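*Asks:* got a sequence here, can you build the structure:
(2 chains)
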Amino acid sequence: MNKKLQSIRPLFLLIAVNLLGMFLIMLHEGNADKTMAMLSIGMCVLSIAAYIIISVCRLGDGYLFIIISMLSSVGIIMQSRINPENGIRQMKLYLLGVGFFFVTMLLYRVFHKHLRRLTLLYFGLSMLLFAVTAVFGTVKNGSKNWIVLGGVSVQPSEFIRILFVLSLAAILTNARLPEKMKKSKKEKKKADTDEKNLKRMRLTLAAGIAYINAFCLLLQREWGIALLFFAIYLAFLYIYGESRLFFLANVLMTIAAAFVGVNFMSHIQVRVATWLDPFADITGKGYQITQSLFAIGTGGFAGSGIGSGSPYFIPVVSSDFIFSAICEEMGVLGGTAVIMLYFLLVYRGFKIALSSTNDFNKAVSVGLSVMLGIQTFIIVGGVIKLIPLTGITLPFISYGGSSMITTFIALGILQAISSMKGEVTDEIE
Amino acid sequence: MQTVLSKLLTYIFVIIIYLFIYAIIRMIFLDIRTMYRKKAGGLADAYLKLINLRHELDFAVDESYEISDNEVIGRGKKCDISIADKYLSTKNSRIFKSSGKFYLEDLDSTNGTYLNGEALSDKAVELLDGDKISVGRTNFLFVLPAKSE
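*Replies:* Residues are numbered from 1 along each chain as shown, chains lettered A, B, ... in the order given. Here you go, the predicted structure:
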């Protein structure tokens, strides 16, 4: 019985966080608003229902969803604190995201055998999305990366991330050459060279796709996501490249590209300059980052208390700079807790990759986990001035529909992979 | 006053998040420990080896299960050897150790427990190395490595 209690303790803590968060928001708003209570109760019910479905139907890893629920709860509480309306919208997005999570999981379980052969489709779809954005896109915050569809604005580059991971995984784990009956020496040699050619072809294709994607993103001025794509690509090369030289060459290429960017592109120059010395232009270009730093500094170790800080000074606080708001109101202590939650999530992702028996699934889960980890690093590093700031969302916490749903789709795939653990590797052909 | 209260509650809020992290890490730690125990088959007194080909079964089964003092086989999640076969009862059968010997026992299951093709009655039967145990649609080989003193 003790064991059972232990396994539901996180659920109790999740409920406690939601109720306490609700109370704090009500205290801040100064009125007992019904919607806030509804929100937190809805959040609890939904999380518990999903947890029960996952554990009863044995749908794989039991930790993933509960960690996501915690992160989303913190997200919804912070969003409601900044703007109650955003909180409600975030809750709706969370609901939608959970729907996507389960649908993706089921679809992936059914179709995972075919997914490894659809490289061209992934690539075609990403290119199509890029093209659509370029033609019909609207400009927001200086980059043309939004499409407005019937009143809802969508950021296609978010969805391309998953297609990118899938396409790289499909290429790099592409079915090897059929084992030939290596009888004569000559044939063996031929098979060897064939194998070598195949490896080379795989790497070239992967590199091609990575560079084309990154180039398209740079055209859209999506520095953050371009950086993310490249990090995923390098991680894949490191794992599947089998050639250190090629990996090093790519790293050198990246450094060279970064060097060119820093020296010749004004957009990047500004970012690097504000990173090195944000106080030089505190009222202009350095405003965002300095406000973020002030907020984190004001919060100190234990924070000012939810509702007592002043996160409104930070621009785009609800999406890119949400981490600064968390640090201001919950302190470095709370910020660290959030980062630790991401650590746990990424750790589970790698664990799923390790225990998966199918090499395509393994590659996909590695890619998605790396994606989550790097994304968190890029934005948290950006707002605390560890690395130059690039606009990207903090998964599950930032306000934003496309990012929320993409992350839920990614997690749905991870969950599906973890639930297929018992299955045998069926190498097709 | 309100600030103090919100500050205090925020402390509690953050502490709960840390407790949550601790609870999860603890669960993961326990998971890993049992996994290691499962892997280290050499340490076990005895183990069950799966005879079926796994892809013939539409549910997940491990290749082998370590047998220590008392193992309940069944469909229930709380069983020591929990298999999601719908032909199994929630608690189907039990293998236990008594004075150095292993015994197999049926726990009033609907579809019964078979030892070397024969259905078990109410009495527990001693298990020997190489015995075939069938529960639901799964067949296991009971392996009792000879002790080398």
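*Asks:* let me know the pLDDT of whichever residue of chain B sits closest to chain A.
*Replies:* For chain B, the residue closest to chain A is B:Ala60, as judged by CB to the nearest CB, at 2.5 Å. To be clear about C-beta, it is placed using only N, CA and C from the backbone, and glycine gets the same treatment. In the predicted model, B:Ala60 carries a pLDDT score of 75.
*Asks:* now do the helices in the chain.
*Replies:* No chain in the question, so chain A it is. Along chain A, counting by DSSP state H, helices occupy A:2-29, A:34-56, A:63-82, A:84-115, A:119-136, A:156-172, A:185-219, A:223-240, A:244-264, A:266-276, A:287-299, A:322-355, A:359-383, A:401-419.
*Asks:* chain B was what I was after
*Replies:* B:2-39.
*Asks:* could you dump the helices of chain A to JSON lines with distance to chain B and mean pLDDT?
*Replies:* Rendered in JSON lines, the data for the helices of chain A read as follows (distance: least, CB to the nearest CB, whole Å; pLDDT from 0 to 100):
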{"stretch": "helix A:2-29", "distance to chain B": "4", "mean pLDDT": "79"}
{"stretch": "helix A:34-56", "distance to chain B": "8", "mean pLDDT": "82"}
{"stretch": "helix A:63-82", "distance to chain B": "6", "mean pLDDT": "89"}
{"stretch": "helix A:84-115", "distance to chain B": "13", "mean pLDDT": "88"}
{"stretch": "helix A:119-136", "distance to chain B": "26", "mean pLDDT": "84"}
{"stretch": "helix A:156-172", "distance to chain B": "23", "mean pLDDT": "88"}
{"stretch": "helix A:185-219", "distance to chain B": "27", "mean pLDDT": "78"}
{"stretch": "helix A:223-240", "distance to chain B": "22", "mean pLDDT": "87"}
{"stretch": "helix A:244-264", "distance to chain B": "30", "mean pLDDT": "85"}
{"stretch": "helix A:266-276", "distance to chain B": "29", "mean pLDDT": "83"}
{"stretch": "helix A:287-299", "distance to chain B": "10", "mean pLDDT": "89"}
{"stretch": "helix A:322-355", "distance to chain B": "4", "mean pLDDT": "91"}
{"stretch": "helix A:359-383", "distance to chain B": "15", "mean pLDDT": "92"}
{"stretch": "helix A:401-419", "distance to chain B": "9", "mean pLDDT": "91"}
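*Asks:* sorry, back to before: hmm, the residue of chain B closest to chain A is touching B:Ser82, no?
*Replies:* No - using CB atoms under 8 Å, B:Ala60 is not in contact with B:Ser82, being 9.9 Å away.
*Asks:* which ones are touching B:Ile16?
*Replies:* A:13, A:16-17, A:20 (CB atoms under 8 Å, 6 or more residues apart in numbering or on different chains).
*Asks:* relative to B:Met27, how far out is it?
*Replies:* B:Ile16 sits at a distance of 16 Å from B:Met27 (criterion: CB to CB, to the nearest Å).
*Asks:* turn the helices of chain A into JSON lines, columns for mean neighbour count.
*Replies:* Formatted as JSON lines, these follow (neighbours: other CB atoms under 10 Å in any protein chain shown):
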{"stretch": "helix A:2-29", "mean neighbour count": "18"}
{"stretch": "helix A:34-56", "mean neighbour count": "17"}
{"stretch": "helix A:63-82", "mean neighbour count": "25"}
{"stretch": "helix A:84-115", "mean neighbour count": "18"}
{"stretch": "helix A:119-136", "mean neighbour count": "16"}
{"stretch": "helix A:156-172", "mean neighbour count": "24"}
{"stretch": "helix A:185-219", "mean neighbour count": "15"}
{"stretch": "helix A:223-240", "mean neighbour count": "21"}
{"stretch": "helix A:244-264", "mean neighbour count": "13"}
{"stretch": "helix A:266-276", "mean neighbour count": "15"}
{"stretch": "helix A:287-299", "mean neighbour count": "21"}
{"stretch": "helix A:322-355", "mean neighbour count": "22"}
{"stretch": "helix A:359-383", "mean neighbour count": "23"}
{"stretch": "helix A:401-419", "mean neighbour count": "25"}
